[in-house]
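K.L.:
With the input below, show me the fold.
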Amino acid sequence: MSQLLINMIWLDQTNDHVILKTERIATHLSLCKIDPYLNIFRNIDSCIDHINNISQYENTIFLFISTQISSSSINSLLQVCEELVKIDSIYILCDSFEMNVDFFEISTKICFISTGVELMLEELDQLQCPRQRRRGEFKRLDFIINSMPSQANSIILGDDASSAAQLDLTMESDSTNRQESEFLYGEFIREILVELPSSAEEMLEFCRQKYINSEANLQTIEEFDEYYEARNAIFWYTRDTFLYRLLNQALREQDIDTLYALRYFIKDLHLQLETVHESHHSGTNNSSTESTRHTVYRGQLMAVDEFNKKIRDNVGGFFSVRSLFSTTQQREKSLRYAGDGSRLQSDNEYSVVFQITMDEKINKYAYADVSSVSAFDDEESEVLFAMGAVFRIISIVEENIGFWVVELTLTDDEDKELRAISEYMRDELLEPLPLQRLAQLLYEMANYDKAEKYYLLLLHDPEVVENLKLTSIVLNDLGLIYHETEQVEQAVVYYNKSLQLKLENLPETDPSFSVVYNNLGEIYREQNEYEKALFHYEKAIYYYRKAVASELNALCLPSENLLSTYYNNIALVYNTQQNYPEALKMFQKSLEVDLKSLPQHHPLLSITFNNISQTYYGMGDYEKAVEYLHKTLEIKHRSLPPNHPTIGDAYRNLGKAVYAQGKWEEALNYMKKAYDINSKTFSSNSSKVIETLEWITRIEKEIHIVKNKKNDRENV
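P.N.:
Okay, here's the model as predicted:
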């Protein structure tokens, strides 16, 4: 008969004294090494109830008791355990040897009593029973494989006097050095999360509310509250608890609210992995004989379509994962998770083993052998990679039907164009508060609901409340969100609140004056009040030049792109008035500034190109309009998240232009792409969604009429 696994129950009856707490945490850590699914009780009655409910067919039960005093309750517990066949052994950690005799008289199952935790743990470590292992299952992970594979866009500005407009796009190409822009935004989010102030209490309250109906998870949450320390973050991550699953799901789905709630743990996890990584590298760099290259493995089931798109068609390209990336140094272990293709449940999935080579000279991404700090000790031989680590796909081999081996190498190579944009955007994300940067980033990703949530949260932040300039910035940025989501009246309210605070508290040389005047100008332009719009744009330029000329701003001049923005928006007024020559002049002035100061594929350039295309469209030069729209989409696809609404706008404009050229099928295709993107961001009542649907209906109707006429002619 096969030997049963150990199932450990710990009754912790020690108090909360500071000195004892350190000992209790160490005890907890060691017991979890024996059984990662350790059941912990602080209450004797709850412990007895749990034991009584355990099936006799479950694993061998070892009971570990920490107590400071002998009591009738503990005596009762020992008597209950004496009658239960499923309780195999009892270990007691107590304050005094004087209690030993009493305990031994009560129970014959007591194997060891000690007053020192070290002796107790040494005894437990000698257990010959098989220990609990990580639960093997065929895991699927949402990989991000980075491969390359009429509305004019006006520009409304964030109030940091440097932020751009919105971003977005996604186009496939054959370039193997292209990383998806979505990866870039994930990197920014992770950086900000680590900087955000946090507390364990806030995180635990979030978790308690989330798992309010799950007694098992609530018990683990209380265990975390009782025994967690920052230096044990990796240990807690590697345990098979809600925390591991919740964090990885949030990272895969970019669930901002959950990531924000877990930021306390994310920071500790990030810092401990970096510490272990640096410790390992400082130890090996002094050795000239040890090889600097290592190989690890990851077993995985993957959907066939995902594998083909993200790996098979991307050899030589980049590979990155949103979550932490767990690997093993033992190939056999990886096969336990991937299988060899023989046990696949469906023709729609493959067994995949990733074989990853790391050179220790590459230090851009933290990774480390976490066996010594993991919940599973040396059994898993686990090497853990930091969130967002980037690998290059070297080769793929199908060893059996449905079983693929993918060779990867950890790399510090980068998509140079994306890196240029990254550095520029990082300079733009210089708001003083991390939460402010998070809200700004969410706005630029067109995640308007979440951006609004965190900007509103900022209005209650003590640092914002006490700093009127910061308050005015947050108010302006809320105005941007309401503007983008077509809540125009609300946008005007917040723009004016922002402006009023500035007028009352800031010098006229402050660059943020020009920003809010520009944004109010946008409101008037969209309401066809062109004189008021031009007045506000001129005000924006006036305050911009005043700020540039001021010695107060000598060390931090306002961005040139502000001036480009104001030229752009003035051009839009001329465009609407069909004064196309003047519009093109102003667009050209805007473009000249941008080309001097922006990376080649910065999303601001796509806005200018889009607007120039609309001028040519208005002039009836559809060929030129299409040319500039393709430039627009190329930049957006390289620099923005795939479902950013401005990509939908560009597709809609392209659909109009090719429709005007008589290419109706092509126009219908672009309109459907526009609808797919915009419907993910805006409600069905949005003017953008309604306009796109009207165009789709119109084009489909005309195509149908033409086909009917053609059929009639053929019948005749």
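
K.L.:
For the rest of this, base every contact and every neighbour count on C-alpha atoms.
P.N.:
OK.

K.L.:
What is the burial count for I212?
P.N.:
Neighbourhood size, I212 [other C-alpha atoms under 10 Å]: 11.

K.L.:
ok, now which ones touch it?
P.N.:
Contacts for I212 (C-alpha atoms under 8 Å, 6 or more residues apart in numbering) come out as L218.

K.L.:
Look at Q577 and report its pLDDT.
P.N.:
For Q577, the model assigns a pLDDT of 94.

K.L.:
meant to ask about D268, not that
P.N.:
At D268, pLDDT is 97.

K.L.:
quick one: secondary structure of it?
P.N.:
helix (DSSP: H, G, I helix; E, B strand; the rest coil).

K.L.:
That one contacts A233, correct?
P.N.:
Yes. Counting by C-alpha atoms under 8 Å, A233 is a contact partner of D268 at 5.9 Å.

K.L.:
More neighbours: these two, which one.
P.N.:
Comparing D268 with A233 by other C-alpha under 10 Å, the one with more neighbours is A233, at 21 against 18.

K.L.:
From S30, how far off is that one?
P.N.:
15 Å (C-alpha to C-alpha, to the nearest Å).

K.L.:
Likewise for I44?
P.N.:
22 Å.

K.L.:
Kindly state the domain boundaries assigned to the chain.
P.N.:
Residue ranges for the domains of the chain, per the TED database: 5-127, 196-280, 293-423, 640-715.

K.L.:
okay if I get these as JSON lines plus distance to V493?
P.N.:
Output for those, formatted as JSON lines (distance: least, C-alpha to C-alpha, whole Å):
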{"stretch": "domain 5-127", "distance to V493": "53"}
{"stretch": "domain 196-280", "distance to V493": "27"}
{"stretch": "domain 293-423", "distance to V493": "33"}
{"stretch": "domain 640-715", "distance to V493": "21"}
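
K.L.:
out of the ones you listed, which comes closest to P599?
P.N.:
Comparison of these against P599 by C-alpha to C-alpha identifies domain 293-423 as nearest, at 5.9 Å.

K.L.:
And the average pLDDT for that closest one is what?
P.N.:
Domain 293-423 comes out at a mean pLDDT of 84.

K.L.:
Distance across it, terminal residue to terminal residue?
P.N.:
Using C-alpha to C-alpha, the end-to-end distance of domain 293-423 comes to 30 Å.

K.L.:
Can you give the distance of it from its chain's centre?
P.N.:
19 Å (C-alpha atoms, centre = their mean, to the nearest Å).

K.L.:
again, but for stretch 639-646
P.N.:
Its chain's C-alpha centre and that of stretch 639-646 lie 16 Å apart, by C-alpha atoms, centre = their mean.

K.L.:
Pull the residues that contact the helix or strand where Y670 lies.
P.N.:
Assigned by DSSP states H and E, Y670 belongs to helix 664-678. Contacts with helix 664-678, where a contact means C-alpha under 8 Å, 6+ apart, come from 643-645, 647-652, 654-659, 688-689, 692-693, 695-696, 699-700, 703.

K.L.:
Of those, select the buried ones using a ChimeraX command.
P.N.:
To isolate the buried ones among the contacts of helix 664-678 in ChimeraX, judged by 16 or more other C-alpha atoms under 10 Å, type:
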select :643,644,645,647,648,649,650,651,652,654,655,656,657,658,659,688,689,692,693,695,696,699,700
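
K.L.:
just the helices in the stretch 551-700 of the chain please.
P.N.:
Per DSSP state H, counting those that start in this stretch, the stretch 551-700 of the chain carries helices over the ranges 560-576, 580-597, 603-619, 622-639, 645-660, 664-678, 687-715.

K.L.:
Could I get the average pLDDT for the shortest one?
P.N.:
The average pLDDT for helix 664-678 rounds to 95.

K.L.:
Can you show me the CA trace of it as CSV?
P.N.:
Below are the C-alpha coordinates for helix 664-678, written out as CSV (Å, rounded to 0.1, in the frame of the first residue of the first chain):
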residue,chain,number,x,y,z
TRP,A,664,-16.5,49.9,-51.0
GLU,A,665,-15.5,46.5,-49.8
GLU,A,666,-12.2,47.9,-48.4
ALA,A,667,-14.1,50.7,-46.8
LEU,A,668,-16.5,48.3,-45.1
ASN,A,669,-13.6,46.3,-43.7
TYR,A,670,-12.0,49.4,-42.2
MET,A,671,-15.4,50.5,-40.7
LYS,A,672,-15.8,47.1,-39.1
LYS,A,673,-12.4,47.4,-37.6
ALA,A,674,-13.3,50.9,-36.2
TYR,A,675,-16.5,49.5,-34.7
ASP,A,676,-14.7,46.6,-33.1
ILE,A,677,-12.2,48.9,-31.4
ASN,A,678,-14.5,51.8,-30.4
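
K.L.:
Next, the angle helix 645-660 makes with it.
P.N.:
If you take axes from the mean of the first three to the mean of the last three C-alpha atoms, to 10 degrees, helix 664-678 sits at 170 degrees to helix 645-660.

K.L.:
what's the spacing between helix 664-678 and its chain's center?
P.N.:
Between the centre of helix 664-678 and the centre of its chain there are 29 Å (C-alpha atoms, centre = their mean).
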